[in-house]
Structure formats: C-alpha cells, structure tokens
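In: Provide a 3D model corresponding to the input given below.
(one chain, ligands or ions: 1)
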Amino acid sequence: MVMSDMKKFKMPEETLNLIGGVDTAAMSGEAFDKLDPSNGKVLCRVARSRGEDARKAIECAVAAQPAWAALPSVQRGDILRNIASEMKKRRADIAAAVALETGKSFKDAEGETDGAISLGFFFAGEGQRLYGRTMPSATPNKHAATVRSPIGVAGLIIAANTPIANIAWKVFPALICGNAAVVKAAEDTPVTAWLFGKIAHEAGLSSGTLNIIHGFGEEAGTPIVDDPGVGVISFTGSAEVGRKIAQAAGKRLARVSLELGGKNPLVVCDDADLENAVKWAALSAFSNAGQRCASASRLIVFDSVYDKFRDMLAEKTKSLKVGSGDDDDLGPVINEKQLNRMLAAIEDARARGATVLAGGRRLDDPALKTGFYLAPTLIENAGPDDEISTVELFGPITCLYRAKDFDAAVALANKSLYGLTACVHTGNLHRAISFAQRVQAGMVVVNAGTYGSEPHMPFGGFKCSGNGSREPGTEALDVYSELKNVCININPELA
Ligand code: NAD
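Out: From the prediction side, this is the model:
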C-alpha cells in the first residue's frame, strides 16, 4: 500500500453519531473541532453528544437486541465474518482514517487495521464454538449443562491510541455473544469509529445493533455508564476514569470490564544480548509515540551493564526519526493538552534532580512545530517514588533505573500500582522463568518488547491495570455473556 491510497479517503466534514443505522447530529446541534495531531489544523467537526443522544442510542440498541440474540450464534458469526471481509476490502480507507486522525504513519495504521480484521475473523468463528460445559450431577437422573446467554446492551467506551483495534477489541466479542452495542468513541478518534459503523452496516448488521456516539467523557460517556438499559460496560482508558466508572456502575451493580494503564518494566540482566535489548527497549518505549498501555516506561538495568546499555540506548533514542511518514519511527502525541502534561512532568523530574539524556522538548523544526511532537525522551536518576516513575504519561518518555541483582530488579519491577506488561532480557532460562513467575503482570515477555497480546490471546492487568477481566481471546466471551446452568431432571420410567 502506498501513501496515495491515504489521499483517496474522504474525511467527512462533520462526523455524526450513528444511531439506529442513521447518521444523526447531536440533538443540541453542537459540534467540536477534531484537530490533526501532525499539524494542529482542523480535520473535521464532530457531533458533541450528551445524555439525550446516549439515551436514544441505548433505546435503539434495546429495541434491536432481541432479534439479534434470536439469530443462532453461527449466523451472527456469518455477519461478523462479512464485516471483517468488508474491512479487508476497505483496509486502505480504514488505515487512512486511523493515520489522519492519530498522526501515526500509514504503515503503522495498516498494521493496526490488520490486527482488527484478524480479531473480527477470530470472533466470527466463535459463533460456531460458544461452548458451555456438561458435567455430572450428584443426583441420579439429572442432566446438567451450562449455556451462554447474552447480557443485553453493551456500553463500550474506548481510548484513542489504536482506534480501530480498540473498537474491534470490544464490538466483535460483544456482538457474537448476542448483545447489541453502544460505542462511545474517543473524542480524539471519531472518524475511525464512524467508518467502522458504516462498514458494519454495509456488511449486513441490522440497524440499531451497533450504535456509535461521539463526544466528551463526562457528557457522552457517563450517561452510558449510568443508564439501567446498559447491562455491561467495557472500558479502555486511564485508571483515573476507570475508577469513576467502576464506582458509578457499582451503584447499580452493572458488570464492568476495565482495561486500564500501565507503568511497564523492561528488565535488562547482566547476561542479556544488549543490542537486542536496546532495539526492543526503544520500540517498547517509543513506538506509537509511547501511547500504548503496554509501553515500557521503566527500564531496569543491572548495575554491571548499566553504563553500556544507557549509552547505547541514548544513542539509539537520538537517532530516531520523528514525523508522520512511513520512514519515521514515531509520530505526534494525540493532542496538545497531553503534550503539555508530558512536558510539565519532564520539567518536574528535572527540578527533582533527574537527568534528561535525550529529548525532553517539543520539536520546533519548521515541518513539525505546529504538530504535537515530543522528542523521544530518555531520563535517568529519577527517584523510584517520583511522579515520573509512578504516573503513566502515555507518551514517548522512559526512565532508566539501576538494580544490583535479579532480586532487586524483580522487586523494582513490582514496585508499581500497575501490573499490565513486563519484559526481561536474559540468556538464562532459570531467570526467565523465575521472572515470569514472580512479576506481577498480565503479560510477560522474554527477550523482546513489552507488547499487547494477539487477537486470540487474553490481555489484561494485575492491580490498577484492570479489574480482573481479560479481553480479547475466548476469555472476552466471559465479559459479554451470562452463564446459565441448566438442569434437566429425567424420569426413567417415562423413557
Ligand atoms: P481516558 O481515560 O481519558 O479516556 C478514555 C475514554 O473514556 C474516552 O473515550 C473518554 O471520552 C472517556 N471518558 C473520560 N471520562 C469519562 C467519564 N467520566 N465517564 C465515562 N467515560 C469517560 O484515557 P485516554 O487518555 O483517552 O487513553 C489513555 C489510557 O488508556 C491510558 O491510561 C492507557 O494505558 C489506556 N489504555 C489501556 C489499554 C488496555 O488494553 N489496558 C489499551 C489502550 C489504552
């Protein structure tokens, strides 16, 4: 695929809600500007939804859900497969929407699109495998089995960092389980969500089964969380907002799945292949401009190889190319507010005595200065309890820490409120397995990067990185379905 494919995509002038299959402006008539992170210019206007819009979307979903649930799951899977096939045909359009509204390269947007398509095919197949269990009863002449039942309407609230993956990660498992869905798109990536909704309907999804609304968190997201018509809420975003959602949903005992942030450690042992470790540390910290829940923001290095690793990584970091082209290593961050928050955190770390080894500033060369670009930033000498070491910044910033040995490295890795991903670089099998056993993280990697899982694997975190659920993989089916235990008593005399 080439950049000219990106130019063929026509950005809507105003991105509208998709309610009951119809493009719908916010009832208030309000809209907000969506800016292009690569140059700060307005990309499009976006419907600014509020409670009344959310309510209408939920009503449409409630009305559509019984007919959708009445379709055998195998047939629901056929429709999901049509959606994934249509996404494949429209791959360039989807990648263009992702690239334009995030500022990431078209190449990276294509990779993300492929992941979303693959996830669609995986959950389409789950329509043929919505397994329950049969098990022996302790009582004679009693047949016992569990079956999956839809919950009703799923409220899906997502983050902007990988927009097509984030929407696919939730919509496909929610639908295969027989739920209708209301998506609250991230305010920074409305167009990808809108396009996904269009494609789903063109591929045969009935009106009202998937509704998409745009707007800000408290205005458009909170009404979904509070609405008694929404049976399950799945949220991808910050721990701060996740906590609020859990509290609100807890009041009405609605089911909640929280996929939250991380402050992910990457440990480099004294026996590591340092070139490989540097390569993966840079990718883990800076790809997607560090806007990955899985990004490595804490690099914990054995004392004996610390200086060498630091110098190699500093050189690598300074060599990274920043921009939105396919030859660039990382693009802008999603908006100026986030960028300023990151710059303030770096200044605060400096003031506390940390050393900035690379980056640490907004890029101001003519081609980049109107965009939201932060130079990839490498820091050392930050205290492990300082804000920069404990708070997720969600940008291209990573810190180095020294550890005297393996036990100290594991202890430091676990010294976080989060527990999403973790990685160790070592040539020692015993260390690798011991690390996997002892580290508190939902995803552990040996000799590569801190990354998310694949469509058929569970992903989620320990501690403040989530609330115990796992999406996607077949584990996501447990988020979006109720289990029903069915007992059939038999009278052998009537057999
Ligand atoms: P955010 O929490 O600010 O917003 C996420 C979504 O929640 C947005 O759609 C926003 O509009 C909405 N929202 C905000 N306040 C709300 C409220 N009070 N009620 C309902 N909805 C509300 O997060 P962000 O900055 O957009 O995204 C970055 C975060 O997402 C990071 O913490 C990152 O680690 C996390 N993330 C986690 C995963 C994962 O799988 N664990 C994946 C991607 C991103």
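
In: May I ask which helix or strand encompasses M11?
Out: In the assignment (DSSP states H and E), M11 maps to no helix and no strand.

In: residues touching it, list them.
Out: M11 makes contact with L43, C44, A97, L100, V191, according to Cβ atoms under 8 Å, 6 or more residues apart in numbering. Quick note: C-beta positions are derived from backbone N, CA and C, even for glycine.

In: Pick out whichever of those sits closest to the ligand.
Out: Using Cβ to the nearest ligand atom, V191 comes nearest to the ligand of these, at 14.1 Å.

In: Most neighbours among the contacts of M11, please name it.
Out: For the contacts of M11, the largest number of neighbours (other Cβ atoms under 10 Å) sits with A97, at 29 neighbours.

In: which phi and psi does that one have?
Out: Backbone torsions of A97, given as degrees, to the nearest 10, read phi -60, psi -40.

In: For N39, see how far away the residue lying closest to S234 once chain neighbours are set aside is.
Out: In this structure, S234 finds its nearest non-sequential neighbour in S257, 4.4 Å apart by Cβ to Cβ, 6 or more residues apart in numbering. To N39, S257 is 36 Å away according to Cβ to Cβ, to the nearest Å.

In: The stretch 101-250 of the chain: strands as residue ranges?
Out: Remark: strands assigned in the stretch 101-250 of the chain by DSSP state E, counting those that start in this stretch are 134-136, 142-150, 153-157, 180-184, 210-213, 232-236.

In: does stretch 468-484 come close to the ligand?
Out: No: Stretch 468-484 stays clear of the ligand (Cβ under 6 Å from any ligand atom), getting no nearer than 7.4 Å.

In: which other residues reach that stretch?
Out: Residues from elsewhere that reach stretch 468-484 (Cβ under 8 Å, 6+ apart): 119, 122-123, 126, 129-130, 132, 146-151, 154, 169-170, 172-174, 176-179, 232, 234, 255, 257-259, 442, 453, 455-460.

In: again, only this time at 7 Å
Out: 119, 126, 146-151, 154, 169, 173-174, 177, 179, 232, 234, 257, 259, 455-460 (Cβ atoms under 7 Å, 6 or more residues apart in numbering).

In: what's the answer for stretch 303-310, then?
Out: Contacts for stretch 303-310 (Cβ under 7 Å, 6+ apart): V268, D270, L274, A277, V278, V301, E380, L400, R402, A403, K404.

In: helix, strand or coil for the nearest residue to S324 once chain neighbours are set aside?
Out: Distances taken as Cβ to Cβ, 6+ apart put S38 closest to S324, at 4.4 Å, once the chain neighbours are dropped. Using DSSP: H, G, I helix; E, B strand; the rest coil, the secondary structure recorded for S38 is coil.

In: in terms of contact, does S38 touch P332 like I think?
Out: Yes: using Cβ atoms under 7 Å, S38 is in contact with P332, at 5.6 Å.

In: And these two? Which one has more around it.
Out: Applying other Cβ under 10 Å to S38 and P332 shows that P332 carries more neighbours, namely 29 against 25.

In: pretty sure that one is in a helix, no?
Out: No: under three-state DSSP, P332 sits outside any helix and is assigned coil.

In: wait, doesn't it sit right on T370?
Out: No: in this structure, P332 is not within contact of T370 by Cβ under 7 Å, at 10.1 Å.

In: Contacts only, for the spatially most central residue of the chain.
Out: Residue closest to the mean C-alpha point of the chain, counted by Cα atoms, centre = their mean, is N166 at 4.8 Å. Shown in contact with N166 (Cβ under 7 Å, 6+ apart): I158, A159, T236.

In: Let me know the closest of these to G242.
Out: Nearest to G242 among the contacts of N166: T236, at 8.9 Å, using Cβ to Cβ.

In: thinking again about what came up before, can I get the strands of the stretch 101-250 of the chain in a markdown table with mean neighbour count, distance to the ligand and mean pLDDT?
Out: As requested, these are exported to a markdown table (neighbours: other Cβ atoms under 10 Å; distance: least, Cβ to the nearest ligand atom, whole Å; pLDDT from 0 to 100):
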| stretch | mean neighbour count | distance to the ligand | mean pLDDT |
| --- | --- | --- | --- |
| strand 134-136 | 9 | 33 | 94 |
| strand 142-150 | 15 | 23 | 96 |
| strand 153-157 | 29 | 5 | 98 |
| strand 180-184 | 29 | 6 | 98 |
| strand 210-213 | 29 | 10 | 98 |
| strand 232-236 | 27 | 5 | 98 |
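
In: Distance to M87 for those strands - can I get that in JSON lines?
Out: Formatted as JSON lines, those follow (distance: least, Cβ to Cβ, whole Å):
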{"stretch": "strand 134-136", "distance to M87": "36"}
{"stretch": "strand 142-150", "distance to M87": "23"}
{"stretch": "strand 153-157", "distance to M87": "17"}
{"stretch": "strand 180-184", "distance to M87": "16"}
{"stretch": "strand 210-213", "distance to M87": "14"}
{"stretch": "strand 232-236", "distance to M87": "19"}
